[in-house]
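Novice: below is the sequence, then the predicted model.
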Amino acid sequence: MGRQTGVNQGKDPLSGFPLPPNAGLLTFRVLDPFGEPVREAQYTLSDSRGRKVVKGETDPFGWVVVLVPLGEYRMAISSNGFTPYRGDASVRQGGTLVPLGDITLHAAPTLPLPEPGEWEIEAAHTRIGFSARHIGLGRVYGSFGNFAGAIRIGDTMERSAMHVVIDAASIDTKVRMRDTHLRSADFLDVERFPTLEFYSDRFVHRGGHHWAITGGLTLHGVTRTVTLDAEYNGLRVGMEGETRGAVRATTELHREDYTINWQTMLARNIAVVGSSIKIDLDIQIVPKGTELEFK
């Protein structure tokens, strides 16, 4: 749990803070193994039934000061590059300040990176999905079923590159009429622009298992710079002895950046999805030329 400190020791600057009779201030600081504060670490406090009571992140000095009801809690703390922390916290009657002291996060174990060379996306275990808010309703979910991708791993990951080509007509939202409309000139215009393409040669390590992959996405005949927030999940040996790497990545697109005009379609009384589109990628890669029995 880290170093424990007493309640209301010395001259407490928060001693005059007005508190409800059934609440207390829970305070703690999150540090790295070198004693430096971990800023923007995510914390969650849950009650004995597993219900989330409060969540947030540490301040620039690694501190959390939060007002919570009296009770016993389970606390979870996570930050990029560190092993998640879990422990108990108690906020009891009679103390205006309940400090936990310093909590030290330990560096997460490193994952082996793919060997330098040519790799390719293994389509059978990869999903290129998206979601967007439907005007006046909920969210629309979909995916692209036909795509191919190649990744060249350099002598360091920072010197790697990737190229992905997606068949625009393979869009699938599970509604045939909507898919036909999405393929039309109102949206993807697949007759004129049959593919979506992404190319990147900029891989930037953000710490831990997280990377930023920045490149150009060409959609609807327009190319814009896009950054994928990628989480590398390591290497595994598959059922047929093949080496596999796994990556999950997300980004967000805006249709207006690709000349798909939302306001024009509204004026024509066309029911459309919202402007912002969230992209979710679950990717598995294998060395190029890997022979698999299933396709």
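Specialist: Thanks, I have the structure now.

Novice: where exactly do the helices run in the stretch 151-295 of the chain?
Specialist: For the stretch 151-295 of the chain, the helices defined by DSSP state H, counting those that start in this stretch occupy 176-183, 262-267.

Novice: tell me the mean pLDDT for the shortest one?
Specialist: Right, the one you point to is helix 262-267. Averaging pLDDT along helix 262-267 gives 48.

Novice: before we move on, what about the longest one?
Specialist: What helix 176-183 shows for mean pLDDT is 90.

Novice: go on, stretch 48-59?
Specialist: For stretch 48-59, the mean pLDDT works out to 92.

Novice: end to end, how far does it reach?
Specialist: The first and final residues of stretch 48-59 sit 26 Å from each other (CA to CA, to the nearest Å).

Novice: now it: buried residues?
Specialist: By 16 or more other CB atoms under 10 Å, the buried positions in stretch 48-59 come out as Thr58. For glycine as for every other residue, the C-beta is placed from the backbone atoms N, C-alpha and C.

Novice: the residue lying closest to Leu105 once chain neighbours are set aside bridge partners, please.
Specialist: If the residues on either side of it in the chain are set aside, Leu105 comes closest to Phe82, at 4.0 Å by CB to CB, 6 or more residues apart in numbering. Phe82 has these beta-bridge partners by DSSP bridges: Ala107.

Novice: residues near Phe82, how many?
Specialist: Residues within reach of Phe82, counting by other CB atoms under 10 Å, total 20.

Novice: can you tell me how far it is from Tyr43?
Specialist: 12 Å (CB to CB, to the nearest Å).

Novice: same deal with Asp257?
Specialist: 35 Å.

Novice: those two - which one has more neighbours?
Specialist: Using other CB under 10 Å, the more surrounded residue of Asp257 and Tyr43 is Tyr43, with 22 against 15.

Novice: ok, now which ones touch the more buried one?
Specialist: Applying CB atoms under 8 Å, 6 or more residues apart in numbering, we find Tyr43 in contact with 30, 55-58, 64, 75-78.

Novice: does it count as helix, strand or coil?
Specialist: strand (DSSP: H, G, I helix; E, B strand; the rest coil).

Novice: and if you look at the one 10 residues further on?
Specialist: Under three-state DSSP, the three-state class of Val53 is strand.

Novice: that one contacts Leu45, correct?
Specialist: Yes: Val53 is in contact with Leu45 according to CB atoms under 8 Å; the separation is 4.9 Å.

Novice: joint contacts of the two?
Specialist: 68, 73.

Novice: just for the protein, where's the confidence low?
Specialist: 1-17, 93-98, 135-137, 259-274, 293-295 (pLDDT under 70).

Novice: what residues go with each domain of it?
Specialist: Per automatic domain parsing, the structural domains of the chain span 23-104, 117-287.

Novice: between these, which gets nearest to Thr110?
Specialist: In terms of CB to CB, the element of the domains of the chain nearest to Thr110 is domain 117-287, at 8.5 Å.

Novice: end to end, how far does the closest one reach?
Specialist: OK, domain 117-287 end separation, CA to CA: 8 Å.

Novice: next up, the contacts around Ala168.
Specialist: Here Ala168 is in contact with 144, 183, 188, 190, 193-196 (CB under 8 Å, 6+ apart).

Novice: go with 6 Å
Specialist: 188, 190, 194-196 (CB atoms under 6 Å, 6 or more residues apart in numbering).

Novice: then Ile151?
Specialist: Contacts of Ile151 (CB under 6 Å, 6+ apart): 119, 162, 285.

Novice: just name the closest of those to Met177, please.
Specialist: Out of these, the member with the shortest distance to Met177 (by CB to CB) is Met162, at 34.3 Å.

Novice: what bridges to the closest residue to that closest one other than its chain neighbours?
Specialist: Distance criterion CB to CB, 6+ apart; nearest residue to Met162, sequence neighbours excluded, is Ile151 at 4.4 Å. Beta bridges link Ile151 to Trp119, Met162, judged by DSSP bridges.

Novice: please pick the buried ones from the contacts of Ala168.
Specialist: 188, 190, 196.

Novice: and the last one, what does it touch?
Specialist: Going by CB under 6 Å, 6+ apart, Leu196 touches 166, 168, 219.
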